[in-house]
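Participant: Got a sequence here, can you model it:
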Amino acid sequence: MTSRLEASVCPHDCPSTCALSVEVLDDSRIGAVRGAADNSYTAGVICAKVSRYAERIHHPDRLTQPLLRTGPKGAGQFRPISWQEALDRIADRFTADAARHGSEAVWPFYYAGTMGLVQRDGINRLRHVMGYSRQKLTICTSLPEMGWRAGIGATRGVDSREMARSDLIVVWGGNPVSTQVNVMTHVSRARKDRGARLVVIDPYKTPTAAVADLHLAPRPGTDAALACAVMHVAFRDGHADWEYMRDYADCPDRLEAHLRTRGPEWASGVTGIPVASIEAFATLYGQTKRSYIRCGYGFTRSRNGSAAMHAVTCLPTVTGAWQHEGGGALWSSRSIYGLDKTLIEGLDALDPSIRVLDMSRVGSVLTGDRRELRDGPQVHAMLIQNQNPLTVCPDSNRVRRGFGRDDLFVATHEQFMTETARWSDIVLPATMFLEHDDLYQAGGHSHLQIGAKLIEPPGECRSNHEVLQGLASRLGARHPGFEMTAMEIVDATLRKSGYPDAATLRERRWVDAMPPFRTGHFLDGFPTPDKRFHFAPDWAALGDNHAVMPALPDQMETIETASADAPFRLVTAPARSFLNTTFTEMASGKRREGRPTVMMHPDDAARLGVVEGSKVRLGNTRGEVMLHARIVEGQQAGVLVAESIWPSEAFEGGIGINALTSDDPGPPFGGAVFHDTAVWMRAEVAAIALAAE
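Facilitator: Residues are numbered from 1 along each chain as shown. Below you'll find the model as predicted:
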């Protein structure tokens with residue numbers, strides 16, 4: 001058979017959702033994967049890990065048949081079983097636990113292992129029809145989203161392609177060289193064509209910071225203080241656009257008065273950034289009308305993360321940058337699509353009285369925290385798709401204790417034998433994106449795309465949708481979505497949402513849903529009730545834990561501060577070759593990343609007698625982890641950075657980095673605070689024991 005090129009879409013948990021061109025070698029194998037050159041956002045560029053996708057999809061360690069646990073939980077001892085037996089066992093257990101404890105004792109658990117709407121979100125259809133516990137989606141987006149919506153009102157921003165027409169691009173709390181490479185395509189165009197400057201704000205010298213014109217490295221959790229100081233300088237030096245604010249904002253006079261005591265000297269004391277550097281950045285930003293802030297996720301993964309995001313979104317409002325082409329800001333534009341997901345998620349069967357359990361607090365849920373269980377039954381059965389909570393979720397020692405309960409039944413649908421799969425009772429083999437149909441929307445750009453099935457899966461792998469259909473038939477779950485193929489659901493969803501049908505969209509390859517310039521720049525008003533940007537947000541409308549939120553943009557002193565017992569602040573940033581725990585099975589990525597390490601300032605290393613490559617132990621009240629030291633410039637003393645997420649088995653002692661992170665919910669809505677961790681560190685010479693819980 002002659003190879004051919006086919007269009008597809010990257011499914012992974014990244015705002016880029018790249019348009020792909022895939023070389024299909026035959027009915028079961030692919031060759032090269034490239035970016036679609038004619039897509040105006042992807043522009044022919046994709047990350048190295050996806051370009052090597054043949055290594056992953058044809059990996060010899062892929063799961064290809066259902067498995068039943070035969071040994072202790074976590075031991076990885078399984079035997080093959082048939083699909084019929086696997087689904088029968090899952091359905092029988094769900095039925096028994098629902099009968100004994102109530103339907104809320106079953107908790108379907110998922111997230112963004114695929115961003116395809118049918119394969120990712122279809123699990124909610126089973127949840128709603130059966131009355132199983134609902135899931136609060138907090139692990140990734142809730143902290144930045146609440147902060148963004150606090151001032152702006154909806155989850156959309158200025159077209160990301162306008163970065164190419166900016167004079168100043170500020171990457172705040174993101175590392176697109178490693179995690180969203182397409183951003184750098186548009187940054188490079190602006191630098192080449194317009195002489196634009198790139199500023200990166202990040203606690204350490206990321207690969208993006210290394211190519212920036214200016215890198216500001218604040219202490220973790222202090223970004224709001226920096227944003228306040230930049231606004232202070234704008235008001236002080238005449239860079240504030242009063243005419244714009246009077247037309248488009250709620251209370252600029254109150255804001256100016258509030259910020260008079262929050263100048264560069266104050267911010268320097270909070271952030272650790274020199275006053276001169278804050279002044280220089282504030283002047284550059286204030287004097288540049290075409291200034292574009294590309295907000296990342298990193299600076300929001302903190303107990304004060306929503307407040308920090310809100311403070312940053314105030315900047316283009318103070319200077320009026322929203323008015324200008326190439327000006328404004330973007331975190332995500334995912335609300336522009338207007339898709340009706342009733343069929344996909346079974347929203348017509350949703351019972352709002354069913355409790356909602358916080359996914360970021362899965363450890364607390366499974367170990368019986370009554371506040372999390374909301375006085376309902378303990379969780380006794382789970383179906384997990386698109387997630388690896390034992391490695392990914394915070395406070396992983398507590399998560400492991402929860403999954404170790406003898407009375408908890410877990411079925412995991414996976415592509416590889418992850419840590420969560422090893423702790424499961426039944427493991428089901430899952431397809432990858434080229435082996436099933438799905439519909440994709442993006443956050444970092446504005447294209448709606450279909451990724452169609454291009455090759456047959458290996459062995460007995462089944463898609464998420466097929467697994468849900470099999471369970472629904474056994475459980476008596478009735479809904480039209482269970483009777484349709486994935487592509488039929490895609491087609492019906494598109495039609496109901498006012499888009500071309502699936503065949504037309506596949507032929508066109510994408511639909512650009514970006515609103516017109518005036519709408520995209522909020523020139524007809526912001527999507528708030530009064531059409532104004534809110535310097536003073538209604539935090540109560542965004543979450544129950546709103547009383548702690550600042551009335552106006554400010555530094556919230558709620559972070560896990562360094563102390564005598566835990567004098568270092570730890571950031572657990574993404575590694576370039578991994579995406580959460582996806583791609584960690586690829587030999588090429590592991591070779592590039594080497595081993596789990598922790599970056600530290602030379603002064604800290606000298607004080608503790610640590611040299612390059614030394615073993616060090618990090619710990620706090622939640623756990624202990626062993627890593628190897630990397631001594632680097634570009635971050636402040638007292639700041640540690642461990643790029644991850646390495647699988648737990650990659651660490652000496654078998655305990656991964658999230659043993660150190662807290663499952664405290666970030667206000668106002670909740671959210672995982674992965675970069676808000678205080679630890680102690682010591683040089684290690686003896687062999688490591690199993691980390692304390």
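Participant: The stretch 551-693 of the chain: helices as residue ranges?
Facilitator: Counting by DSSP state H, counting those that start in this stretch, the segments of the stretch 551-693 of the chain that form helices are 587-593, 602-608.
Participant: And the stretch 151-300 of the chain, by the same measure?
Facilitator: Using DSSP H, counting those that start in this stretch, the helices found in the stretch 151-300 of the chain span residues 176-179, 182-194, 207-210, 223-236, 242-248, 252-259, 264-271, 275-287.
Participant: Return the list of helices and strands in contact with the fourth one.
Facilitator: Taking 3 or more CB pairs under 8 Å, 6 or more residues apart in numbering; DSSP states H and E as the contact definition, the neighbouring helices and strands of helix 223-236 are helix 252-259, helix 264-271, helix 275-287, helix 305-319. In short, each C-beta sits where N, CA and C put it, glycine included.
Participant: what does the first one give?
Facilitator: Secondary structure elements in contact with helix 176-179, counted by 3+ CB pairs under 8 Å, 6+ apart, are helix 182-194, helix 207-210.
Participant: Just the C-alphas of that helix, formatted as PDB.
Facilitator: Extracted in PDB, the C-alpha atoms of helix 176-179 (Å, rounded to 0.1, in the frame of the first residue of the first chain):
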ATOM      1  CA  PRO A 176       6.000  28.200  25.400                       C
ATOM      2  CA  VAL A 177       9.400  27.100  24.000                       C
ATOM      3  CA  SER A 178       8.800  23.900  26.000                       C
ATOM      4  CA  THR A 179       5.000  23.700  26.400                       C
END
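Participant: and for it, what are the contacting residues?
Facilitator: 14, 182-184, 187, 206-208, 210-211, 294, 296, 574-576, 579 (CB atoms under 8 Å, 6 or more residues apart in numbering).
Participant: Met146 reaches Gly543, doesn't it?
Facilitator: Yes: with contact defined as CB atoms under 8 Å, Met146 counts as touching Gly543 (6.2 Å).
Participant: Settle it for me: which of these two has more neighbours?
Facilitator: Shown here are Met146 and Gly543; by other CB atoms under 10 Å, Met146 has more neighbours (28 against 18).
Participant: The more buried one: what's it in contact with?
Facilitator: With CB under 8 Å, 6+ apart as the criterion, the residues that contact Met146 are 306, 309, 542-543, 668-669, 671.
Participant: Could you do Ile336 as well?
Facilitator: Counting by CB under 8 Å, 6+ apart, Ile336 makes contact with 156, 446, 513-515.
Participant: Show me just the buried residues among those.
Facilitator: Among the contacts of Ile336, those classed as buried by 16 or more other CB atoms under 10 Å are 156, 446, 513-514.
Participant: which one among these gets closest to Gly338?
Facilitator: Ala513 (7.9 Å; CB to CB).
Participant: isn't that closest one right next to Leu448, touching?
Facilitator: Yes: counting by CB under 8 Å, Leu448 is a contact partner of Ala513 at 5.6 Å.
Participant: Give me the common contacts of those two.
Facilitator: 337, 441.
Participant: Run through the stretch 51-200 of the chain and note the low-pLDDT ranges.
Facilitator: Across the stretch 51-200 of the chain, nothing is flagged by pLDDT under 70.
Participant: which residues are contacting the longest strand along the chain?
Facilitator: Counting residues, the longest strand found in the chain (DSSP state E) is strand 623-631. Strand 623-631 is contacted from outside by 396-397, 595-602, 605, 610-619, 642, 651-653, 655-657, 659-660, 684, 688, 691-693, using CB under 8 Å, 6+ apart.
Participant: Would you check how far apart Ile273 and Thr313 are?
Facilitator: 20 Å (CB to CB, to the nearest Å).
Participant: Distance of the residue nearest to the spatial centre of the chain relative to Pro668?
Facilitator: For the chain, Cys140 is the residue whose C-alpha lies nearest the centre (CA atoms, centre = their mean; 3.8 Å). With distances taken as CB to CB, Cys140 is found 17 Å from Pro668.
Participant: Per-residue confidence, Glu684, what does it come out as?
Facilitator: With respect to pLDDT, Glu684 scores 86.
Participant: farthest pair in the contacts of Met146?
Facilitator: For those, the maximum inter-member distance is 13.4 Å, found between Met309 and Gly543 (CB to CB).
Participant: Contacts only, for the closest residue to Leu579 other than its chain neighbours.
Facilitator: In space, and not counting its chain neighbours, Leu579 is closest to His12: 5.4 Å by CB to CB, 6 or more residues apart in numbering. By CB under 8 Å, 6+ apart, the contact list for His12 reads 50, 114-115, 579, 582.
Participant: make it 7 Å
Facilitator: With contact set as CB atoms under 7 Å, 6 or more residues apart in numbering, His12 has these partners: 115, 579, 582.
Participant: Pull up the gap between it and Phe433, please.
Facilitator: Here the distance between His12 and Phe433 works out to 8 Å (CB to CB).
Participant: Residues contacting the biggest helix by length in the chain, please?
Facilitator: The longest helix of the chain (DSSP state H) is helix 83-101. With CB under 7 Å, 6+ apart as the test, helix 83-101 has contacts from 66, 105-106, 377, 380-381, 383, 409, 411, 426, 428, 460, 470-471, 474-475.
Participant: Test my guess that Ala492 contacts Leu343.
Facilitator: Yes: here Ala492 lies in contact with Leu343, judged by CB atoms under 7 Å, at a distance of 5.6 Å.
Participant: isn't there a strand covering Trp107?
Facilitator: Yes: assignment of Trp107 by DSSP: H, G, I helix; E, B strand; the rest coil places it within a strand.
Participant: hang on, the earlier thing: among the contacts of strand 623-631, which ones are buried?
Facilitator: Buried members of those, counted by 16+ other CB under 10 Å: 396-397, 596-601, 605, 610, 614-619, 642, 651-653, 655-657, 659-660, 684, 688, 691.
Participant: Which other helices and strands does the helix or strand encompassing Leu468 contact?
Facilitator: Assigned by DSSP states H and E, Leu468 belongs to helix 464-475. Under the contact criterion of 3 or more CB pairs under 7 Å, 6 or more residues apart in numbering; DSSP states H and E, helix 464-475 touches helix 83-101, helix 117-121, helix 123-130.
Participant: For Ser3, find the nearest of the ones you listed.
Facilitator: helix 117-121 (26.0 Å).
Participant: list the buried ones in that closest one?
Facilitator: Here helix 117-121 shows 117-121 as buried, counting by 16+ other CB under 10 Å.
Participant: That helix: how far from the chain's middle?
Facilitator: With CA atoms, centre = their mean, to the nearest Å as the basis, helix 117-121 stands 16 Å off its chain's centre.
Participant: before we move on, what about stretch 422-433?
Facilitator: Relative to the chain's own centre, stretch 422-433 is displaced by 22 Å; criterion: CA atoms, centre = their mean.
Participant: quick one on the thing from earlier: quick one: which of the buried residues of helix 117-121 is nearest Leu373?
Facilitator: Asp121 (24.3 Å).
Participant: Enumerate the positions of stretch 201-210 that are buried.
Facilitator: Buried-residue list, stretch 201-210, by 16+ other CB under 10 Å: 201-206, 208-209.
Participant: and if you look at stretch 491-504?
Facilitator: Neighbour-count burial for stretch 491-504 [16+ other CB under 10 Å]: 491-494, 499, 502.
Participant: Identify all contacting residues around stretch 18-32.
Facilitator: Here stretch 18-32 makes contact (CB under 7 Å, 6+ apart) with 1, 3-10, 33-36, 39, 42, 46, 50, 54, 57-58, 182, 434, 447, 449, 454-456, 509-510.
Participant: could you redo the last one with a cut-off of 8 Å?
Facilitator: Residues outside stretch 18-32 that contact it (CB under 8 Å, 6+ apart): 1, 3-10, 33-37, 39, 41-42, 46-47, 50-51, 53-54, 57-58, 182, 434, 447, 449, 454-456, 458, 509-510.
Participant: okay, it in CSV with CA atoms only?
Facilitator: Only the C-alpha atoms of stretch 18-32 are listed here, as CSV (Å, rounded to 0.1, in the frame of the first residue of the first chain):
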residue,chain,number,x,y,z
CYS,A,18,-2.2,21.7,16.5
ALA,A,19,-3.5,21.0,13.1
LEU,A,20,-1.5,18.0,11.9
SER,A,21,-0.4,16.3,8.7
VAL,A,22,0.1,12.6,9.3
GLU,A,23,1.9,10.2,7.1
VAL,A,24,-0.2,7.0,7.1
LEU,A,25,1.9,4.0,6.0
ASP,A,26,-0.9,1.4,5.9
ASP,A,27,-4.0,0.4,7.8
SER,A,28,-2.2,0.1,11.1
ARG,A,29,1.0,2.2,11.0
ILE,A,30,2.0,5.9,10.7
GLY,A,31,5.2,7.6,9.8
ALA,A,32,6.1,11.2,10.1
